[in-house]
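1. Fold the stuff below for me.
(2 chains)
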Protein chains: 2
Amino acid sequence: MGANHIRRLAIIGGTHGNEFTGAYLVKKLERFPDLVKRSSFETITLLANPKAFAVARRYVDRDLNRCFSIKDLENPQRSSYEDKQAKVIHQVLAAEENSKVDAIFDLHSTTANMGLTIIPVSDSPFNLQLAAYLSNIDPTIKVYQWEQSHDRCFLRSRFELGLTIEIGPIAQGVLNAWFFEQTEKLLCMILDYIDAYNRGQAPTAPSQLTIYRCTEIVDYPRDEEGIQAMIHPQLQFKDYAPLNPGDPLFLNFEGKTIFYEGESTVYPVFINEAAYYEKGIAVCLTKKEQIPIKSFTQVEK
Amino acid sequence: MGANHIRRLAIIGGTHGNEFTGAYLVKKLERFPDLVKRSSFETITLLANPKAFAVARRYVDRDLNRCFSIKDLENPQRSSYEDKQAKVIHQVLAAEENSKVDAIFDLHSTTANMGLTIIPVSDSPFNLQLAAYLSNIDPTIKVYQWEQSHDRCFLRSRFELGLTIEIGPIAQGVLNAWFFEQTEKLLCMILDYIDAYNRGQAPTAPSQLTIYRCTEIVDYPRDEEGIQAMIHPQLQFKDYAPLNPGDPLFLNFEGKTIFYEGESTVYPVFINEAAYYEKGIAVCLTKKEQIPIKSFTQVEK
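-> Sure thing, here's the model as predicted:
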């Protein structure tokens, strides 16, 4: 068994209580644990925010997926329900020697039309090779990366290996069977890949990966009354499609179009995500990059 | 001016705080009141649940659109935020002689694929004639009616004239420009119709109206752990399409299909509506009826 062996991994759902795909998938896996059992590693499943799930809200006190900065985790003043929950999750999955995991797979959904999107928890070669393998098998799977500075308070930021999975468009508080099955299928592909990897038999990934890297976050036009324009109907549901300088971006309430004034083509994602109104995000602009995939040393047999 | 003249009407949005179409449309109309001004009647606009809208939730304490039974309105023990709000709205719009309105138009949205759906607040000839006129101009507009017993606690149940408008599929907490424009356009058609009606010049409606009348409410299969099956992928987004005995209804977490076992063809609506999980409604089954439209006496010129 080599040093890179993945001994234990966690599948996490319901980090946001109204993202039902992951929450119900975790509940299913709790009932049918054999579905995620593989002989070369241990699988832990976790419904991360049960109180928010019970009331079908993103969170009760504050966004659990913004509670994982080292500063907040170490701050005893931070004592909201989600802060406490973050500390327990961090303790169990990241800190305690006998329970910590080597990789996490955190299941989310979005109201944006992002299909299946994977977000590597870091740029480690393992994550990128896994991402390249998955998007090669199913080219509709996209790979997204936040700005490095943006996600340091996310659950995933406390881990080196793993992926966040987003799927959409799904309304909050809705369980959509088709998306549920897509997510389960992707998860099984990931587990089979890791099982093969642990045996030194990981399938060869392509030498390149297309990654959509966030370069700019754009908010809705606002004044003291609130938002002053909507995502333009021509942009709605056009996640990952090119947005060129001069293309429609917003439509205000007087019927006036506001155009994209950037200097080059970008690829918008998280377009009109319901949960991001409160975060000042109307759309995340990305650049599309081709990155070479380094082959990592496989686990020794 | 005849007895049937509509002197004052109310346009209501944000009865549910996370149904942004109506809430933002009312905010727009507050800024541009000329859009809903007509010379033969007065128009009032109302954001019904501002506290829930501010936090992008359906409600704060309980569903405002279930607070309008006479019993609850008269019960001083009922003192939640929404109960108080309902009492004020009822007082102003339905009870006080100098402010009450003759008709209401209550703007909602749904995560179900119901397109533009209108729900007459009663079976009064005026409402049915208006519904017949609208669905004749735009045949994609559907007309739905709850079971009479079901909606007595709804805001609309305190009024004789008017419509509820539903539009979808829209995720909760999302403002979709296309649906926003569709709702605004429909509202303007309604106001123009009423203005013509008040002048004794209402356009002739067709002699028949297709109405989808709720006959049965079906809940998700549940046990003490929660829901045990999802809307079947073949049924998702198929609102108003015929569902025949033997057609797939649910898919459980073991992958087993649960079939519709009714005796005749029905037309399901509110399929997988996010807000109805807590109400025990997975789908509302309707029968499709053709009803004759009685011509009413027009307002005398």
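2. Pull up the residues of chain A that are close to chain B.
-> A:24, A:27-28, A:31-32, A:56-57, A:111, A:169-178, A:180-181, A:225-227, A:230-233, A:236, A:251, A:253-254, A:272, A:274-275, A:277-278 (CB under 8 Å from any CB of the partner chain). Yep, even glycine has a C-beta here, placed from its N, CA and C like the rest.
3. Out of these, name the ones that lie in strands.
-> Judged by DSSP state E, the subset of the residues of chain A next to chain B located in strands is A:226, A:227, A:230, A:231, A:251.
4. Apart from its neighbours in sequence, what residue is nearest the second one?
-> With sequence-adjacent residues excluded and distances taken as CB to CB, 6 or more residues apart in numbering or on different chains, residue A:227 is closest to residue A:220, at 4.1 Å.
5. pLDDT score for residue A:2?
-> Note for residue A:2: predicted pLDDT of 50.
6. show me what contacts the closest residue to residue A:161 other than its chain neighbours?
-> Closest residue to residue A:161 apart from its sequence neighbours, by CB to CB, 6+ apart: residue A:103 at 3.9 Å. Shown in contact with residue A:103 (CB atoms under 8 Å, 6 or more residues apart in numbering or on different chains): A:6, A:9, A:10, A:159, A:161, A:162, A:194.
7. Next: residue A:186.
-> Applying CB under 8 Å, 6+ apart, we find residue A:186 in contact with A:116, A:134, A:138, A:141, A:165.
8. Could I get the residues you listed in a markdown table, plus columns for pLDDT and secondary structure?
-> Shown next, in a markdown table, are those (pLDDT from 0 to 100; DSSP: H, G, I helix; E, B strand; the rest coil):
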| residue | pLDDT | secondary structure |
| --- | --- | --- |
| A:116 | 98 | strand |
| A:134 | 98 | helix |
| A:138 | 97 | coil |
| A:141 | 98 | coil |
| A:165 | 98 | strand |
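9. The residue of the stretch 1-150 of chain A found nearest chain B: what's its closest spatial neighbour, skipping adjacent residues?
-> Residue nearest to chain B within the stretch 1-150 of chain A (CB to the nearest CB): residue A:111, separated by 4.0 Å. Take residue A:111 and drop its neighbours on the chain: the residue closest to it by CB to CB, 6+ apart is residue B:171, 4.0 Å away.
10. For the one you found, grab phi and psi.
-> In terms of degrees, to the nearest 10, the main-chain angles of residue B:171 are phi -70, psi 150.
11. can you count the residues close to it?
-> Per other CB atoms under 10 Å in any protein chain shown, the neighbour tally for residue B:171 reads 26.
12. Identify the residues contacting it.
-> Counted by CB under 8 Å, 6+ apart, residue B:171 has contacts A:111, A:169, A:170, A:171, A:172, A:174, A:274, B:111, B:274.
13. burial count for the fifth one?
-> When you say that, I think you mean residue A:172. Using other CB under 10 Å, residue A:172 has 26 other residues around it.
14. looking at it, it is touching residue A:275, isn't it?
-> Yes. Here residue A:172 reaches residue A:275: they are 7.3 Å apart, a contact under CB atoms under 8 Å.
15. Identify the contacts common to those two.
-> Common neighbours of residue A:172 and residue A:275 (CB under 8 Å, 6+ apart) are A:58, A:111, B:173.
16. Could you list the low-pLDDT ranges of chain A?
-> The model of chain A has pLDDT under 70 over residues A:1-3, A:149-151, A:296-301.
17. residue boundaries of the helices in it?
-> With DSSP state H as the criterion, chain A has helices at A:20-31, A:50-54, A:70-73, A:81-90, A:125-137, A:177-198.
18. and among these, the most buried is which?
-> Most buried of the helices of chain A by mean neighbour count (mean count of other CB atoms under 10 Å in any protein chain shown) is helix A:20-31; its value is a mean of 22.
19. could you dump it to CSV, C-alpha only?
-> Output of helix A:20-31 as CSV, limited to C-alpha atoms (Å, rounded to 0.1, in the frame of the first residue of the first chain):
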residue,chain,number,x,y,z
PHE,A,20,-32.1,18.1,-2.1
THR,A,21,-30.1,16.1,-4.7
GLY,A,22,-27.1,15.6,-2.4
ALA,A,23,-29.2,15.4,0.8
TYR,A,24,-31.5,12.6,-0.5
LEU,A,25,-28.6,10.8,-2.1
VAL,A,26,-26.8,10.7,1.2
LYS,A,27,-30.0,9.4,2.9
LYS,A,28,-30.2,6.7,0.2
LEU,A,29,-26.6,5.7,0.7
GLU,A,30,-27.1,5.5,4.5
ARG,A,31,-29.9,2.9,3.8
